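Student: Just to be clear, the model below is a prediction. Sequence and coordinates:
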Amino acid sequence: RVTSWAEFQTIAQEIFDSGLAKTLKDIYWDVRPKPEFGTVEVRVFDTPLSVSKAVALAAFTRACAALALNGQLGYAPIAIPFNTERVSRFMACRDGMDARLFNPAVSQWMPARQWLAMLGERIEAHPVCDADMRKIRTLHQQAENAQDSDTMRETWGNILNASPGMANWEPGPLEYAVNSREHCARLLA
């Protein structure tokens, strides 16, 4: 966890000095500062299945940023176990809203929907603009039932099954992605 701009600059410079990257654009992070614009870039919004969902996620992110800037999110004072964030990201990619994720504010694993509900309650207590609030409420309602990952697996599975010549086809990355839930369950058993 990076706690200051100075710490971020030190880490970035170490990466540059190693030759792994020449600029911030060469480093892929889920969230990264954009000093030239004075903003923070959140990299997950190129994956939603609709523009309206991307806009709702942006509203949710702004609301969470407002909570953080006002000291309303907080972090537990203990160190996060090694690789916890990577495991959480993997579980989110694999299981979507059915995932159990690590919440650093309370230092515990919890269902994604429970964490989203907790954040929603905090956002409601410190409201943002009405338009963003409407989008956030819609996002929360959709999260109760929707699973974008299931939609994509079903769509690609149907495409694979309907394609001619699939009987002799060797499994590749696409098939593994379509069946990732089953593959992960087998690997983690």
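Tutor: Arrived safely. Numbers count the residues shown, from 1 in each chain.
Student: Tell me the first helix or strand C-terminal of the lengthiest helix in the chain.
Tutor: Secondary structure of the chain per DSSP state H: the longest helix is helix 51-69. For helix 51-69, the following helix or strand on the C-terminal side (DSSP states H and E) is helix 84-95.
Student: Can you list the buried residues in that next one?
Tutor: Ser88, Arg89, Met91, Ala92, Arg94, Asp95 (16 or more other CB atoms under 10 Å). All C-beta spots, glycine's among them, are computed from the backbone N, C-alpha and C.
Student: Reformat these as TSV; add pLDDT and distance to Pro81.
Tutor: Compiled in TSV, those are given as follows (pLDDT from 0 to 100; distance: CB to CB, whole Å):
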residue	pLDDT	distance to Pro81
Ser88	85	11
Arg89	82	14
Met91	85	14
Ala92	83	17
Arg94	78	19
Asp95	82	20
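Student: Which of these sits closest to Ile11?
Tutor: Ile11 has its nearest neighbour among those in Arg89, at 18.4 Å by CB to CB.
Student: now the closest residue in space to the closest one that isn't next to it in sequence: how far from Phe37?
Tutor: Spatial nearest neighbour of Arg89, excluding adjacent residues (CB to CB, 6 or more residues apart in numbering): Asp30 at 7.4 Å. Using CB to CB, to the nearest Å, one gets 18 Å for the distance from Asp30 to Phe37.
Student: Low-confidence ranges, this protein, go.
Tutor: Scanning the chain for pLDDT under 70 picks out the ranges 1, 28, 44-49, 76, 145-189.
Student: got the buried residues for the strand or helix carrying Phe102?
Tutor: Here Phe102, judged by DSSP H and E, is contained in strand 100-103. By 16+ other CB under 10 Å, the buried positions in strand 100-103 come out as Arg100, Leu101, Phe102, Asn103.
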